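Peer 1: Predicted model and sequence below, questions to follow.
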Amino acid sequence: ASRLALPHCLPNPPVGCVLVDHDTIVARGYTQPPGHFHAEAHALSQLATAHGLEAFVTLEPCSFHGRTPSCAQALIDNGIRRVNVAMIDPHPLNQGRGIDMMRRAGIDVRVGVEQAMVARFISQHLDIDPRYQSLKCCQEFS
Ligand SMILES: Nc1c(N[C@@H]2O[C@H](COP(=O)(O)O)[C@@H](O)[C@H]2O)[nH]c(=O)[nH]c1=O
């Protein structure tokens, strides 16, 4: 699903999220243009209820409220049971915080699911986000 995000999602990374009910995909989301749904919120918006479902996401859900609300919080609030994450988000405001938030809320979070395959596609886009670059520089040099 994440390939569908390009090119409209840029400079945000193209992220995909599927919601699964007993091995059946019930929603597919991908990053919408900046300021609109992230992949998780896009998938959740397709369902009346997502309670008890399992999520597969290509990037760690965001812990923070940037241009859009926190996706980790949205997964918690919607009663998602398990979240499979391919890659940790290198964004300095995330970097494991999204994972921690979901685990503290009782979600079974698995990290590194299909990581190598996802990294081959998404890594190039994680580097081109100018806000990420500048934040990273600020953090490293402060
Ligand atoms: N595209 C994407 C994420 N991207 C993360 O969110 C940051 C942008 O946040 P915002 O300013 O709110 O648009 C971006 O730099 C990256 O760290 N996160 C996610 O949970 N799901 C998504 O689909």
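Peer 2: Received, thanks. Just so we're clear, the structure is a prediction, and the values are computed from it rather than from any experiment. Numbering: from 1, shown residues only.
Peer 1: need the contact list for whichever residue of the chain sits closest to the ligand.
Peer 2: Among residues of the chain, the one nearest the ligand by C-beta to the nearest ligand atom turns out to be residue 66. It sits 2.6 Å away. Where C-beta positions appear, they are placed from N, C-alpha and C, glycine not excepted. Neighbouring residues of residue 66 by C-beta atoms under 8 Å, 6 or more residues apart in numbering: residue 93.
Peer 1: sec struct for it, please.
Peer 2: coil (DSSP: H, G, I helix; E, B strand; the rest coil).
Peer 1: Distance-wise, check the residue nearest to the spatial centre of the chain relative to residue 38.
Peer 2: Ranked by distance to the mean C-alpha position of the chain (C-alpha atoms, centre = their mean), the top residue is residue 61 at 3.3 Å. Using C-beta to C-beta, to the nearest Å, we find residue 61 at a distance of 8 Å from residue 38.
Peer 1: what residues do the two have in common as contacts?
Peer 2: Residues touching both residue 61 and residue 38 (C-beta under 8 Å, 6+ apart): residue 71.
Peer 1: pLDDT value on the residue of the chain closest to the ligand, please?
Peer 2: The model reports residue 66 with a pLDDT of 91.
Peer 1: so how far is residue 52 from it?
Peer 2: Taken as C-beta to C-beta, the span from residue 66 to residue 52 is 28 Å.
Peer 1: again with residue 107
Peer 2: Distance, residue 107 to residue 52, using C-beta to C-beta: 11 Å.
Peer 1: now swap in residue 67 and tell me
Peer 2: Noted for residue 67: a distance of 29 Å to residue 52, by C-beta to C-beta.
Peer 1: what do you get for residue 31?
Peer 2: Separation of residue 31 from residue 52 (C-beta to C-beta): 25 Å.
Peer 1: Run a quick neighbour tally on the residue lying closest to the residue nearest to the centre of the chain once chain neighbours are set aside.
Peer 2: With sequence-adjacent residues excluded and distances taken as C-beta to C-beta, 6 or more residues apart in numbering, residue 61 is closest to residue 71, at 3.8 Å. Around residue 71 sit 33 other residues, with neighbours defined as other C-beta atoms under 10 Å.
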